[in-house]
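[1] Build me a model from this:
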Amino acid sequence: MATPLFFDTALHALPSVPAEAVEHGEVFTRRWVVDLILDLVGYTPDKGLCDVKLVEPACGSGAFLGAVASRISASCRKQGRPISDARGAVRALDLLERNVRKSRTVVEKQLVDDGWQPAEAQQVAASWIDQGDYLLQPEATQHADYVAGNPPYIRLEDVPADRMAVYRHACPTMGGRADIYVGFFEVALRSLGPGGQLGFICADRWMRNQYGRQLRQLVTKSFSMDVALVMHDVDAFDDQVSAYPAITIISNRSQGNAVAADTTRVFGSAQASEFADWYAMDSSESITTAAFQAARMPHWFPDEDSWPAASPARLAILEELTERFQLLEDGKTGTRVGIGIATGADKVFLTKDENLVENDRLLPMAMVRDTTSGTLNWDGTYLVNPWTTDGDLVDLSAYPRLAAYFEGHGAAMRKRYIAVKQPQRWYKTIDKVDHRLTRRPKLLFPDMKLTIHPVLDQGELYPHHNLYFIVSDVWDMRVLGGLLLSKVAEAFVEAYAVKMRGGTLRFQAQYLRKIRVPDPKAISESDKIALAEAFDKRDVKAATEAALRVYGLAELPD
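    Okay, the predicted model is just below:
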């Protein structure tokens, strides 16, 4: 792979930058990794490779092209065709002239070593490889049956502003702080003919972070995610890099079976061949070796918000549960996930002085520290509440003590962003108080915790913004609490959530909403009792055993 990004093209009159003046993000791929990718997409010598088109978007020093040339050569020999028939079989680009020269030399040498005449080899190499910017090529030239390669590792902000603007215009999926490789995925996918396949080794961060959302949406809507082979600890490149790579295979077809796989440090050439053989068998059986684990799922995950990260066996279980069960947040059951109130000035709005203002202006607040033991132990914190039960701000003239208290902090409160925007409403909190929430039974979740930690509020307190809550019209909250205390529910959050230092998980609303649950009416009375009792006792093991029965699982794999 090579990643020079800053040469002029015929399409855009952009100022050029000397090749030596920029970081090109060049990382070169080992031959066995290239062979694995080509095997996984089915680019093999037993096929008529002269009659299909393979595109290599950033060919660098020819790591992929050497293997491609070898396979095309063998295909021609098998079919009794001259190598000249392959002049249109490959299109490779690179923005550095030196890399174009290197790649042509690699192809020429491979073909000559395979017994073809030097003049023929030179013609083929020259026809395959050109200097150019893959992201800015005319669409008419981009058609491919296969796209294979190692796209760039470089952030958009490291690209000159004028070229960055052109890239963003050409590749709408490159939003936010996206890496350049997102654009390579987009252009490659859009170039694939029906049944065409993409095979990249690339950082896997786009599968989970915000900047990859539009690319995930594109894949989910129009393509089939076939393989995600994580290779974080594998020596896959000629140089040591911290790139969190994965081999990704995507096809231009409706979503079919999908393989999730992970590797260990010992994964190498022999193990790659073993994995490719297992993949080709199309077996539904999972496989675990010292070098890799892999599971075949009937579908990939349908939600483009984020794709989960877990062991292949656990991903397969989560995909199965996603298929069989409904989301926790559901209009039919009136189950809702939310976050507590953000005040914008906790030092002013939170107090333990129950005589500070008028009594009906004090709202008992649930704080994270109240939930530590697993049962709610209120420490006496109140919200100094500026909201009426109708959702309007109170008239301060009707509450002289409240007015005096707020005016005592008026200078600081009026400087807040929300107060500057609405000066007449300078004493409002960021969020409104929904007084109905206080009276409802609800499960509370601290934002950051090593393990899932639902705590029941019977309907006495209002949650602070470091607490997330679940309310429901249908669920018995102790039964739901037992289900959410289990390792099955935690597995959903663990697969999707951002992990902090020390393994701490974020139990935010968007991750809690990923949890799948059964229909409450479908749970047997005995399992309801078991879940409720496990919740009351904070017995995670018993909750998990009951949850496994409810979900119809024999076990939850690591």
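
[2] can you give me the strands in the stretch 451-558 of the chain?
    For the stretch 451-558 of the chain, applying DSSP state E, counting those that start in this stretch gives strands covering 455-457, 462-463, 467-471, 505-506, 516-517.

[3] who wins for proximity to Asn150 among those?
    Smallest distance to Asn150 across the strands of the stretch 451-558 of the chain (C-beta to C-beta): 32.0 Å, for strand 505-506. To be clear about C-beta, it is placed using only N, CA and C from the backbone, and glycine gets the same treatment.

[4] From the contact counts, what lies against that closest one?
    Judged by 3 or more C-beta pairs under 8 Å, 6 or more residues apart in numbering; DSSP states H and E, strand 505-506 is in contact with strand 448-449.

[5] outside of the strand it packs on, which residues touch it?
    Taking contacts as C-beta atoms under 8 Å, 6 or more residues apart in numbering, the residues outside strand 448-449 that touch it are 500, 504-507.

[6] I figured Asn257 hits Ala294, correct?
    No. Look at Asn257 against Ala294 with C-beta atoms under 8 Å: they stay out of range, at 12.0 Å.

[7] more neighbours, the two?
    The neighbour comparison of Asn257 against Ala294 (other C-beta atoms under 10 Å) goes to Ala294, with 23 against 14.

[8] can you give me the strands for the stretch 51-200 of the chain?
    Along the stretch 51-200 of the chain, counting by DSSP E, counting those that start in this stretch, strands occupy 54-56, 90-94, 129-131, 144-149, 192-203.

[9] Can you list the buried residues in the last one?
    Counting neighbours by 16 or more other C-beta atoms under 10 Å, one finds that the buried residues in strand 192-203 are 192, 196-203.

[10] Relative to the centre of the protein, find the outermost residue for me.
    Relative to the C-alpha centroid of the chain, counting by C-alpha atoms, centre = their mean, Pro400 is the outermost residue, at 51.8 Å.

[11] dump the residue contacts of the residue nearest to the spatial centre of the chain.
    Central residue of the chain (C-alpha atoms, centre = their mean): Arg208, 1.2 Å from the mean position. Going by C-beta under 8 Å, 6+ apart, Arg208 touches 306-307, 309, 496.

[12] Just among those, which is most surrounded?
    Using other C-beta under 10 Å as the neighbour test, the contacts of Arg208 are led by Tyr496, with 26 neighbours.

[13] Using pLDDT, spot the least trustworthy of the contacts of strand 448-449.
    In terms of pLDDT, the lowest of the contacts of strand 448-449 is Met500, showing 75.

[14] Quick check: closest non-adjacent residue to that residue.
    The shortest distance from Met500 to any non-neighbouring residue, by C-beta to C-beta, 6 or more residues apart in numbering, is to Met448 (6.4 Å).

[15] residues of stretch 283-296 that come out buried?
    In stretch 283-296, counting by 16+ other C-beta under 10 Å, buried: 286-287, 291-296.

[16] and that stretch, how far from the chain's centre?
    22 Å (C-alpha atoms, centre = their mean, to the nearest Å).

[17] before we move on, the earlier item: any chance of the buried residues of stretch 283-296 in TSV, with pLDDT, distance to Pro45 and secondary structure too?
    Shown next, in TSV, are the buried residues of stretch 283-296 (pLDDT from 0 to 100; distance: C-beta to C-beta, whole Å; DSSP: H, G, I helix; E, B strand; the rest coil):
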residue	pLDDT	distance to Pro45	secondary structure
Ser286	90	30	coil
Ile287	93	26	strand
Ala291	94	26	coil
Phe292	96	25	strand
Gln293	95	30	strand
Ala294	96	25	strand
Ala295	95	29	strand
Arg296	94	26	strand
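
[18] Farthest pair within the residues you listed?
    Pairwise distances among the buried residues of stretch 283-296 were taken by C-beta to C-beta; the largest, 17.7 Å, belongs to Ala291 and Arg296.

[19] did I read that right, Asp360 in a strand?
    No. Per DSSP: H, G, I helix; E, B strand; the rest coil, Asp360 lies outside any strand segment and is helix.

[20] Okay, helices next: where are they in the stretch 401-550 of the chain?
    410-413, 417-421, 435-439, 477-485, 487-496, 509-512, 525-537, 540-551 (DSSP state H, counting those that start in this stretch).

[21] Quickly compare those and say which is most buried.
    A comparison of these by mean neighbour count, using mean count of other C-beta atoms under 10 Å, puts helix 477-485 on top with a mean of 26.

[22] Please name every helix or strand in contact with that one.
    Identification of packing neighbours for helix 477-485 by 3+ C-beta pairs under 8 Å, 6+ apart yields strand 442-446, strand 455-457, helix 525-537, helix 540-551.

[23] mind putting those in CSV, distance to Leu483 and mean pLDDT included?
    Listed next are the helices and strands packed on helix 477-485 as CSV, based on distance: least, C-beta to C-beta, whole Å; pLDDT from 0 to 100:
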stretch, distance to Leu483, mean pLDDT
strand 442-446, 10, 97
strand 455-457, 13, 98
helix 525-537, 6, 98
helix 540-551, 6, 98
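
[24] is it possible to export the ones you listed to CSV including distance to Pro386?
    Shown next, in CSV, are these (distance: least, C-beta to C-beta, whole Å):
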stretch, distance to Pro386
strand 442-446, 22
strand 455-457, 22
helix 525-537, 35
helix 540-551, 40
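
[25] Out of the contacts of strand 448-449, flag the one nearest to Ala546.
    Distance to Ala546 across the contacts of strand 448-449 (C-beta to C-beta) is lowest for Phe507, with 20.9 Å.

[26] Isn't the closest one up against Asp447?
    Yes. Using C-beta under 8 Å, Phe507 is in contact with Asp447, at 6.2 Å.

[27] Show me whatever sits in contact with both of the two.
    Here Phe507 and Asp447 share the contacting residues Tyr468, scored by C-beta under 8 Å, 6+ apart.

[28] Show me where the stretch 201-350 of the chain has its strands.
    Along the stretch 201-350 of the chain, counting by DSSP E, counting those that start in this stretch, strands occupy 224-230, 245-251, 258-263, 287-288, 292-297, 326-327, 336-339, 350-351.

[29] okay if I get these as CSV plus distance to Leu483?
    Below are these laid out as CSV (distance: least, C-beta to C-beta, whole Å):
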stretch, distance to Leu483
strand 224-230, 29
strand 245-251, 32
strand 258-263, 25
strand 287-288, 29
strand 292-297, 23
strand 326-327, 13
strand 336-339, 14
strand 350-351, 32
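
[30] Let me know which of those strands is the nearest to Ile129.
    Relative to Ile129, the nearest member of the strands of the stretch 201-350 of the chain by C-beta to C-beta is strand 245-251, separated by 23.5 Å.
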